[in-house]
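Novice: My questions concern the predicted model and sequence given below.
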Amino acid sequence: MNEHAQSHRIIIATVVAGLIILVTLAAYIFWPPPAADRALDATPTSESATKFADAAVSAAGMSPADRKATEALVKAYILENPEIITDAIAILQQREVTERLSAAGNEIATPFPGAEAGNPKGDVTIVEFTDYNCGFCRASLPDMQRLLKSDGNIRLVYRELPILSQTSRIAALWALAAARQGKHKAFHDALFALGRADEPNIAAAAQTAGLNITAARSFAASPQANQEIERNLAMMHQIGFNGTPTFIIGDQILEGALGYEALQSAIEKARAKS
């Protein structure tokens, strides 16, 4: 074997060994084994890492001394630069998010007819999953209104996600009925302004939004409205989040009441990638 080939194999083995050590350290930091296993140093993670390392070293034709020196060098580098662990995990998580969003497809940003606001041809789409009994959703309303007012290129898609109570579902069904009449945002804003989404407040919001009450009541009880709710619940599980509000902006999944600046930053990030 010539020196160039031997050097190439050693480089490959070094990289592989480094990755194995990186994954092992990350597993110990973020998913620590039980104390008894740590004492024995015989966890499935460490056993798997050893097997992969043995295979990599064997394939590269490294001597035991080369292996020991390589592992010590890589481990020392990682311990001196521990941020590479969190950086690597962040990259992995983002790839997983992108894959989940890609699997869900265009359906995410395709609104129930009428359940959208802002510029229908905007260059950035925000998909907001919301529950009318969610205090954090209510707290996010002024931020969303400010974004729509300050940025004329935002398209906002509302997705009804009633997960907190039965009255949440009733409110969501009425919101879809409002969308059917072209008055979703008016109903949405009015109900959040009233506080809890109980039946009296739902009725009051419907009046404020100017709904045809008879038509709205009929549509809220329809299979079409209930199927939309079930579709959104299934979408939540497919994408992999479990709370409201959740915002999808580009390839980002953002959960909670984040505030205006954080949402604006996410919008700018999405624009930069488009």
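Specialist: Received the coordinates, thanks.
Novice: quick one, strands of the stretch 101-250 of the chain?
Specialist: Along the stretch 101-250 of the chain, counting by DSSP state E, counting those that start in this stretch, strands occupy 116-118, 124-130, 154-160, 246-249.
Novice: okay if I get those as CSV plus mean pLDDT, distance to Met235 and mean neighbour count?
Specialist: Where you see a C-beta, it was placed from the backbone N, CA and C, and this is true even at glycine. Shown next, in CSV, are the strands of the stretch 101-250 of the chain (pLDDT from 0 to 100; distance: least, CB to CB, whole Å; neighbours: other CB atoms under 10 Å):
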stretch, mean pLDDT, distance to Met235, mean neighbour count
strand 116-118, 97, 16, 21
strand 124-130, 97, 8, 24
strand 154-160, 97, 7, 23
strand 246-249, 94, 10, 22
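Novice: Out of those strands, which is closest to Thr110?
Specialist: strand 154-160 (7.8 Å; CB to CB).
Novice: Show me the contact partners of the closest one.
Specialist: 109-112, 115-122, 124-130, 144, 147-148, 172-173, 175-176, 179, 184-185, 188, 228-229, 232, 235, 267 (CB atoms under 8 Å, 6 or more residues apart in numbering).
Novice: closest one to Tyr77 among the strands of the stretch 101-250 of the chain?
Specialist: Across those, closest to Tyr77 is strand 246-249 (CB to CB), at 35.4 Å.
Novice: helices or strands up against that closest one?
Specialist: Judged by 3 or more CB pairs under 8 Å, 6 or more residues apart in numbering; DSSP states H and E, the packing partners of strand 246-249 are strand 124-130, strand 252-255, helix 260-273.
Novice: which residues touch Ile249?
Specialist: Val124, Thr125, Ile126, Val127, Leu263, Ala266, Ile267, Lys269, Ala270.
Novice: Need the max-distance pair from those residues.
Specialist: Val127 and Lys269 (15.3 Å).
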